[in-house]
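Visitor: Please find the sequence and the predicted model below.
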Amino acid sequence: MPAKILVINPGSTSTKVAVFRDKEVSFDAEVRYTRESMSHFPSVIAQKEFRTASVLELIEDELSDGLPDMVVGRGGLLRPIPGGPYTIGDGMIADLESGRYGVHPCNLGAIMARELADKWGVPSMIMDPVVTDEMDPVARMTGLPEITRRSVFHALSQRGAAWSVAAEMGLDYSRSKFIVAHMGGGISIGAHRNGRIVDVNNALDGEGPFSPERSGTLPVLPVLELVESGRYSFSEMRTTVTSGCGMLAHTGTNDLREVEAMISEGREDAKLVFEALVYNICKHICSFLPALMRNDADREPVSAIILTGGLARSKKLVSAIESVVDFIAPVHAVTGLEEMEVMGMGGLAVLRGELEAQVYPADM
């Protein structure tokens, strides 16, 4: 009988759910949330029961022929660790619930997976968490010694999309170079060099292009002045730059489809925001070329530029980005279940003994 693996992937504006039976997807769905529905919760952790109930409702029929053999949750904001599978232990849950390393809806992935797995008496794990850290030392350094850049990004989405495109192109991911942009509620862009993600913008800390609801890189002094003036407290500024900026602040919506509809209606302000979004994404894609061309051994051309995440479903956005950056490499849009597949296949490999789930350092 094939192994049944439940995969749970909470994001800023949705929860994705999939059921794998060995390598085949028997079910997949996505619950999307409006900004208004999420605003009623005082914290991310407070969303747990609401999101878990929506998952159980979705998979009710999938449970009719038996419980899952494994539950895999999206890895959240943990301490920096290498990629791969990790058992969900008490220390991991404590770090996620306390927000010790940051607060984001992805923290709920492991929490929800552990709760359901314990209820059913099956193992739970995460795979390639967002804190996967393979950055080059030079990429960590900033001009302020007290601040070191952190590796926090859409690791599952980026790695899964890169594996998929490498296979499509007949390339070995571990011997190729890609620039991968995950474009969702947050936008992270990574330089993939010979199987390692050697630099990436930390969208959670405010780096990179602005997104549907995040500010992206801002000039430092004006931000400090806004806080010093009392217009924003520190906590208000944190909330604003991570969930109340970007496309949402300029247009009133974080839904690109609605912005495209505004453009079709002749809204010049919406057109400018769209063009600025494209410009920012392209600018940051190009900024990762040095990470792939640092020395003589790295002079091979970039294999592909890969666009993934929810915004990659927009043909208008993909076409606009491609028209600017295709001088670097062919542009591929990946809009399937790659992120979920990495999680599902990781769970299957652990169940089969092909991979060993690592122990999170806080559990040791």
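Guide: All right, it came through fine. Numbers count the residues shown, from 1 in each chain.

Visitor: start to end distance for stretch 45-64?
Guide: 29 Å (C-alpha to C-alpha, to the nearest Å).

Visitor: Also stretch 166-179?
Guide: Note: stretch 166-179 ends 12 Å apart using C-alpha to C-alpha.

Visitor: contacting residues around stretch 171-180?
Guide: Residues from elsewhere that reach stretch 171-180, judged by C-beta atoms under 8 Å, 6 or more residues apart in numbering: 158, 161-163, 165-166, 189-195, 285, 288-289, 292, 298, 300-306, 308, 328-329. C-beta: built from backbone N, CA, C; applies to glycine.

Visitor: Among those, name the ones in strands.
Guide: Among those, DSSP state E puts 189, 190, 191, 192, 193, 304, 305, 306, 308 in strands.

Visitor: Count the residues that sit near the first one.
Guide: Residue 189 is surrounded by 28 other residues when neighbours are defined as other C-beta atoms under 10 Å.

Visitor: now do the fourth one
Guide: Summarising burial for residue 192: neighbours were counted as other C-beta under 10 Å, giving 31.

Visitor: Next, the closest residue to it other than its chain neighbours: secondary structure please.
Guide: Of all residues not flanking residue 192 in the chain, residue 178 sits nearest, at 4.3 Å (C-beta to C-beta, 6 or more residues apart in numbering). Following DSSP: H, G, I helix; E, B strand; the rest coil, we place residue 178 in the strand state.

Visitor: can you check residue 210 too?
Guide: From three-state DSSP, the assignment for residue 210 is coil.

Visitor: same check, this time on residue 347
Guide: With three-state DSSP as the criterion, residue 347 reads helix.

Visitor: show me the contacts for it.
Guide: By C-beta under 8 Å, 6+ apart, the neighbours of residue 347 are 3, 5, 7, 20, 70, 72, 85, 125, 127.

Visitor: repeat that for 6 Å
Guide: Residue 347 makes contacts with 5, 70, 72, as judged by C-beta atoms under 6 Å, 6 or more residues apart in numbering.

Visitor: Identify the residue nearest residue 156 in space, chain neighbours excluded?
Guide: Residue nearest to residue 156 in three dimensions, not counting chain neighbours: residue 339, with 4.4 Å by C-beta to C-beta, 6+ apart.

Visitor: what about the one you found, neighbour count?
Guide: 28.

Visitor: Tell me the bridge partners for the residue nearest to residue 192.
Guide: With DSSP bridges applied, residue 178 shows beta-bridge pairing to residue 192, residue 304.

Visitor: So what's the residue count around it?
Guide: Applying other C-beta under 10 Å, I find that residue 178 has 27 neighbouring residues.

Visitor: And for residue 300?
Guide: Based on other C-beta under 10 Å, the number of other residues close to residue 300 is 13.

Visitor: Please report how far the closest residue to residue 166 other than its chain neighbours lies from residue 320.
Guide: Excluding the flanking residues, the one nearest residue 166 by C-beta to C-beta, 6+ apart is residue 173, at 4.1 Å. Using C-beta to C-beta, to the nearest Å, residue 173 is found at 27 Å from residue 320.

Visitor: Over to residue 90?
Guide: From residue 90 to residue 320 the distance is 47 Å (C-beta to C-beta).

Visitor: These two: who's more crowded?
Guide: Neighbours per residue (other C-beta under 10 Å) separate residue 90 from residue 320, with residue 320 holding more: 17 against 11.

Visitor: Secondary structure element for that one, which one?
Guide: In this assignment (DSSP states H and E), residue 320 forms part of helix 315-325.

Visitor: elements contacting that helix?
Guide: Taking 3 or more C-beta pairs under 6 Å, 6 or more residues apart in numbering; DSSP states H and E as contact, the helices and strands that helix 315-325 lies on are helix 268-286.
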